[in-house]
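Asker: Compute the structure for the input listed below.
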Amino acid sequence: MHSGSHPVRILLLNDNSEHPNWGAKATVAGLESMLVEALDGLTLVRVAHSQLRRQYRTLTLPPLRGREYWRGEFGWAAEKFLNRVSRPIERYPEVVDDFDRYAKEWVSGRSGPDADWFVREARASDAVVYNGENSIYRNTMEGCRALFLLWVAKTHLGKPSAALNQTAYLDSVRPVLPAMVRRVYPALDVVTCREPNSWEHLRRLGIDRAELVPDAVFHLSPGEAGERRGQSWLERNGLESQSYFCLSASALPASRPTDRWDGSVVELVRRVARAGLRPVLVARDPECIYLQEVARRTAGLFFGPDHTYEELWPVFRHAMFTITGHYHYVVICSMVGCPFVPLSVNNWKMSGLCRHLGWKRTEPFDITALTSEMDAIAAEAAELTRHRETLSTSLAERASELHAQARRNGTLVRGMIERYAHVGGASGSECA
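Answerer: Numbers count the residues shown, from 1 in each chain. Sure, this is the predicted structure:
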């Protein structure tokens, strides 16, 4: 536990617990649980994912000239009009060369209420911690902006600063974010990646001090309420006495059912179900809700948005296997010993997670080309069924090891706060 004499206050960037994705919600819960475990009297002040993505405009029409608003603050119809009588405001730097110029505007109180709030909260906090969940790739707005805020906190406010739990994928993006990473990360106190592909990638970028720490969701344990609800759903649908498999989709597009066209996802479910298994289609993200129609066309069951991520533990635990392109579904599958067939995602995180788990297959099947993958996926599913007991045991054992290692994120944050306190700390001081 933290040995300081006062409660610890952390400003958490990119709280995506309001995101519809179950994995995003679970990630924040995992990070919070390990920080609470590591730090006495913890208070978390949160910067939401949506706040990092705010885009401001200022009105130019009298008598409201100068009044600011952000996209989404008003209804669509009102904003369609307002956008005609306003101009955009940019308070974040577009490139790393402008970090210092914008940072000076922020700390001097010349960048608006969001900047004033951030600077005030950062000054009052013992540390600033960034939840890197799936945002250090593709030049994401939240990723670029969070790196700038870490830069302000560390170099202009003198705060212990950490970037945790990230997948870094910067090989095939417009080269804007990579320069930010190379500038910001060497200045931080702690940098961790959640799977080995990203850790190796950061090292190739020259970030030698980055550590490999398992995903924060490995730190979670299934809650009693979620277990009860999930188990009750299984019982209501007769799955306690019936063999079934789960299938979810991916953030990538797939051939889905439309009108008279079944599509390759339906075809895959039917193919795998021939082994006498009931299909359970699992979906939470809006782009995956088409699996409800897949369930209808395949005499399957739909496990959808009216459930919580805590209910996934019992659903996956009793499944014969899971076919999925969702990273955190694989994390939870491993924790309950459910063998899985990995499908492709929008970066290398699935491959990295399979490597971290020591799984038998590290190259995901291409969800965008299921027709050509059909035979191989069906063969993989049959093999998982034949060897389920052995695979389940080894998978759960490895997940247990990663569960123990995942708490290191909390240990590293505690250590950086204690180092600052020991040396009289930059906490409360500011750098030029």
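Asker: does F148 belong to a helix or a strand, and which?
Answerer: Assigned by DSSP states H and E, F148 belongs to helix 141-151.
Asker: What lies in contact with that helix?
Answerer: The contact list for helix 141-151, computed with C-beta atoms under 8 Å, 6 or more residues apart in numbering, reads 13-14, 47, 49, 52-53, 92-93, 99, 102-103, 118, 128, 130, 132, 135-137, 161, 163, 176-177, 180-181, 183-184, 187-188. C-beta: built from backbone N, CA, C; applies to glycine.
Asker: can we see that at 7 Å?
Answerer: 13-14, 49, 52-53, 92-93, 99, 102-103, 118, 128, 130, 135-136, 161, 163, 177, 180-181, 184, 188 (C-beta atoms under 7 Å, 6 or more residues apart in numbering).
Asker: Not counting sequence-adjacent ones, nearest residue to the residue nearest the centre of the chain?
Answerer: The residue lying closest to the centre of the chain (C-alpha atoms, centre = their mean) is E133, at 3.4 Å. Using C-beta to C-beta, 6 or more residues apart in numbering and skipping the chain neighbours, the partner closest in space to E133 is T27 (4.8 Å).
Asker: The one you found and H219: what is the separation?
Answerer: 10 Å (C-beta to C-beta, to the nearest Å).
Asker: from the contacts of helix 141-151, which would you call buried?
Answerer: 13-14, 49, 52, 92-93, 99, 102-103, 118, 128, 130, 135-136, 161, 163, 177, 180-181, 184, 188 (16 or more other C-beta atoms under 10 Å).
Asker: From those, which land in strands?
Answerer: Among the buried ones among the contacts of helix 141-151, DSSP state E puts L13, N14, V128, Y130, I136, S161, A163 in strands.
Asker: ok, what's across the strand from the third one?
Answerer: Taking DSSP bridges, one obtains L11, S161 as the residues bridged to V128.
Asker: That one: what's it in contact with?
Answerer: V128 neighbours (C-beta under 7 Å, 6+ apart): L11, L13, A122, L150, A153, K159, S161.
Asker: Dump those to a markdown table, plus pLDDT and distance to V213.
Answerer: A markdown table is the format used below for those (pLDDT from 0 to 100; distance: C-beta to C-beta, whole Å):
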| residue | pLDDT | distance to V213 |
| --- | --- | --- |
| L11 | 98 | 20 |
| L13 | 97 | 18 |
| A122 | 98 | 24 |
| L150 | 98 | 18 |
| A153 | 98 | 21 |
| K159 | 97 | 21 |
| S161 | 98 | 16 |
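Asker: Would you convert those into a markdown table that also reports distance to Q405?
Answerer: Converted to a markdown table, the contacts of V128 look like this (distance: C-beta to C-beta, whole Å):
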| residue | distance to Q405 |
| --- | --- |
| L11 | 25 |
| L13 | 23 |
| A122 | 29 |
| L150 | 24 |
| A153 | 27 |
| K159 | 27 |
| S161 | 23 |
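Asker: roughly how far apart are V282 and V315?
Answerer: Computed as C-beta to C-beta, the V282 to V315 distance reads 7 Å.
Asker: I'd like to know which elements the one helix or strand G23 maps to is packed against.
Answerer: Here G23, judged by DSSP H and E, is contained in helix 22-38. Helix 22-38 sits against strand 127-131, strand 161-166, helix 327-336, helix 408-422, with contacts defined as 3 or more C-beta pairs under 7 Å, 6 or more residues apart in numbering; DSSP states H and E.
Asker: what is the mean pLDDT for it?
Answerer: Mean per-residue pLDDT for helix 22-38: 96.
Asker: what's it in contact with?
Answerer: Residues outside helix 22-38 that contact it (C-beta under 7 Å, 6+ apart): 2, 10, 15-17, 19, 42, 44, 131, 133, 164-165, 216-217, 219-220, 284, 309, 312, 326-328, 406-407, 409-411, 413-414.
Asker: could you give the angle of the helix holding F148 to strand 161-166?
Answerer: 150 degrees (axes from the mean of the first three to the mean of the last three C-alpha atoms, to 10 degrees).
Asker: Compute the inter-axis angle for helix 141-151 and strand 127-131.
Answerer: Using the same axes, to 10 degrees: helix 141-151 against strand 127-131 is 160 degrees.
Asker: Name the residues of helix 141-151 that are buried.
Answerer: For helix 141-151, the neighbour count (16+ other C-beta under 10 Å) marks E142, G143, C144, R145, A146, L147, F148, L149, L150, W151 as buried.
Asker: Against H328, how distant is E287?
Answerer: With C-beta to C-beta as the criterion, E287 and H328 are 16 Å apart.
Asker: Look at the two and report which has more neighbours.
Answerer: Between E287 and H328, H328 has the larger neighbour count (other C-beta atoms under 10 Å), namely 26 against 14.
Asker: Good, wrapping up.
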